[in-house]
Structure formats: structure tokens, C-alpha cells
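Peer 1: Please work out how this folds:
(2 chains)
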Amino acid sequence: MLSTDPMQLSGESFLANLKQQDHVTVTAVIEAYSTHIFRACLGMGFAEDKAKEICHATWATFYEVIPRFEGRSHVRTFLFGILYNKVMEHRRASKKYETYDPIEEAVKNNFLTNGHWATAPKDPSIYSEGLEVMGIIEECLEHLPDLQKMAFTLKILLEHDSEEVCNEMQVSATNLRQLLFRGKARLRKCIDGHYEE
Amino acid sequence: MDIMKSKLMYTCKDIYKLVLSEEELSSFSLVKFKMHLLICKSCKVSFKQMSNLKVSISSALKKRSVISEETSENLIKEIKEKLNL
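Peer 2: Model prediction:
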């Protein structure tokens, strides 16, 4: 049996076996990453049934296209790239990175023209893990655009490094930083809104 | 964010952008960043806010994606069956 250690799932013989759809090799990849894929779908806000459906669709496509996998990235990056496309198909969301996001206008209003804070930031404890705060954060996360949710899921939940996330989501490093910035700014605004009511 | 590198001092808005975007800083930029946090109480508060928020986002995403060992095993079994492995 092949190890499911990510370090072992690489190399020339691994790639050759994978491209031939060798059962032992494909099984090792499935055992290594199925749970990650499923958790990513749940993290993106899909219900369990839908998450399972996307997970199955991701593996079906993976199996179909592995003879064409050239091994230029790690198999995990390749797999999560497929997942990303499946998620976007299910959401019918645009994969296009938007150059304009209204949250940037809102951020501008937090600052004076000289770059100083217009109003002092709120007490940091309203952002930490209290029971009430967690409920608010979960609700605010739901309202994030899909690309921002995906960036959070890959970077914060699954702890993939930035370069890997860029490859999986097919965005540049600048665009990824912008997605993280916009997502957090949006969450901050949403949380602050709850405390202003 | 190349423009940030050429700045002698960061403004509060620059600091806010750097923190939220998780920009990797060069050693000189890091010094400028830390200097600003030392003298600016509002940015120190904002930095703490974002550190707390990141931990909370992680917890919220983890909570939502918890699966049992049984679910995981069944899922793997189903995938293998569907692919005839």
C-alpha cells in the first residue's frame, strides 16, 4: 500500500503510475485528500449533501483527467484546482476577479485624506471568540462573495501557502492579497454593524 | 503594493491594508511597520482586532467543517466504489 503522506505523493514513479490511473496510486491520493476536499466544501458553506456531491464530482473529473496531468504542480494543487472549478460551477459564480469592490469605498471612509483614522477603531475584544461573537462571524461569513470565501477556506482553514492558493484559484499574488483584504474588511464592517444596531 | 516600499513612513491606512492583505514584508518595511505600531495607539488596536478576527474566522470555519471519522471513512469508500477502485 502506498503512503498517504503528501511528501510521498510526488516523484517520477508516482507521476507515471498516477497518469496510468494505477489503482493503488489513485487510492492513496483519495485516502490522503478526500477529507480535506469535503471539509473545504463545508467550510465554503455547502450543506453536507451538496458538499458530498461536489466532492464526488471533483474525484470523477480528477480520475478522468489524470492521464493529462503533467506534474508541474503537486497533485494536491491540481486536485484543489479542480475543486475550485466545481465549486464555482455549483454556485454559478463568476471566476473572474473583479477589479472594483464597493468595500474599498467603505474602507476609504474609515480614514482621513492624510491617511489617519477618521474614528478610532472599536474594542478588539468584539472580534474574539466569545459565543455571541462567533454567531455574528458565522453569519457575516455567509454573506462573503464566493471568491473571498474560497480564499479564506484554502488559506485559513486548510492552511495552504499563498503560492499554492494562487495556483489553485488561478489568481495572481496581488489578487489573492486583495481578496483577503476585501474579505476581512467586509467582515470587520459586518461585525461593527452588529454592534452599532 | 510596490508603492508601499518606496514610502519613508506608513500611514494608518497603509498599515490597515498591509495587515488585512497579509502582505509579506521586507526587513526594512517590517521596521517601518513596527515603528508605526509603537507610536500609534489606534493602529495597535486595529492590529489586535485583526489578529482576533483571524483566530475567530479559523474557529468558525473549523466548526462548520468538522466531520466524524465514520463520515470520512464512508466518503472514501463511496468514492472508491464510484471510480471502481
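
Peer 1: name the helices or strands packed onto the helix or strand containing residue A:41?
Peer 2: Using DSSP states H and E, residue A:41 falls within helix A:23-43. Applying 3 or more Cβ pairs under 8 Å, 6 or more residues apart in numbering or on different chains; DSSP states H and E, we find helix A:23-43 packed against helix A:12-19, helix A:48-65, helix A:75-91, helix B:41-64, helix B:69-82. Heads up, the C-betas are built off the backbone N, CA and C, glycines and all.

Peer 1: ok, now with 6 Å
Peer 2: helix A:48-65, helix A:75-91, helix B:41-64, helix B:69-82 (3 or more Cβ pairs under 6 Å, 6 or more residues apart in numbering or on different chains; DSSP states H and E).

Peer 1: Tell me which of the ones you listed sits most buried.
Peer 2: Among the helices and strands packed on helix A:23-43, the stretch with the highest mean neighbour count (mean count of other Cβ atoms under 10 Å in any protein chain shown) is helix A:75-91, at a mean of 20.

Peer 1: Point out the residues in chain B that sit beside chain A.
Peer 2: B:11-13, B:20-23, B:42, B:45-46, B:48-49, B:52-53, B:56-61, B:64-65, B:72, B:75-76, B:79, B:83, B:85 (Cβ under 6 Å from any Cβ of the partner chain).

Peer 1: Residue A:79 and residue A:20, how far apart?
Peer 2: As for residue A:79, its distance to residue A:20 is 17 Å (criterion: Cβ to Cβ, to the nearest Å).

Peer 1: Quick one: the helices and strands packed on helix A:23-43 as TSV, columns for mean pLDDT and distance to residue A:156 too.
Peer 2: What follows is the helices and strands packed on helix A:23-43, written out as TSV (pLDDT from 0 to 100; distance: least, Cβ to Cβ, whole Å):
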stretch	mean pLDDT	distance to residue A:156
helix A:48-65	96	18
helix A:75-91	93	14
helix B:41-64	93	5
helix B:69-82	95	21
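
Peer 1: would a markdown table of those helices with distance to residue A:135 be doable?
Peer 2: As requested, the helices and strands packed on helix A:23-43 are arranged in a markdown table below (distance: least, Cβ to Cβ, whole Å):
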| stretch | distance to residue A:135 |
| --- | --- |
| helix A:48-65 | 20 |
| helix A:75-91 | 24 |
| helix B:41-64 | 9 |
| helix B:69-82 | 24 |
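
Peer 1: Residue A:137 is nearest to which of those helices?
Peer 2: Residue A:137 sits nearest to helix B:41-64 of all these, at 5.0 Å, using Cβ to Cβ.

Peer 1: so how far is residue B:40 from the residue of chain B found nearest chain A?
Peer 2: Chain A sits closest to residue B:11 of chain B, with a gap of 2.6 Å, by Cβ to the nearest Cβ. For residue B:11, the distance to residue B:40 equals 10 Å [Cβ to Cβ].

Peer 1: what do you get for residue A:28?
Peer 2: 51 Å.

Peer 1: where's residue B:25 relative to residue A:48, distance?
Peer 2: 40 Å.

Peer 1: got the phi/psi numbers for the residue in chain A positioned nearest to chain B?
Peer 2: At 2.6 Å from chain B, residue A:115 is the closest residue in chain A, using Cβ to the nearest Cβ. The phi/psi pair for residue A:115 (degrees, to the nearest 10) reads phi 90, psi 0.

Peer 1: swap in the one 3 residues further on?
Peer 2: Dihedral angles of residue A:118 (phi, psi; degrees, to the nearest 10) stand at phi -80, psi -40.

Peer 1: Need the nearest residue in space to the residue of chain A closest to chain B, chain neighbours excluded.
Peer 2: Sequence neighbours aside, residue B:11 is the residue nearest to residue A:115 in space, at 2.6 Å (criterion: Cβ to Cβ, 6 or more residues apart in numbering or on different chains).
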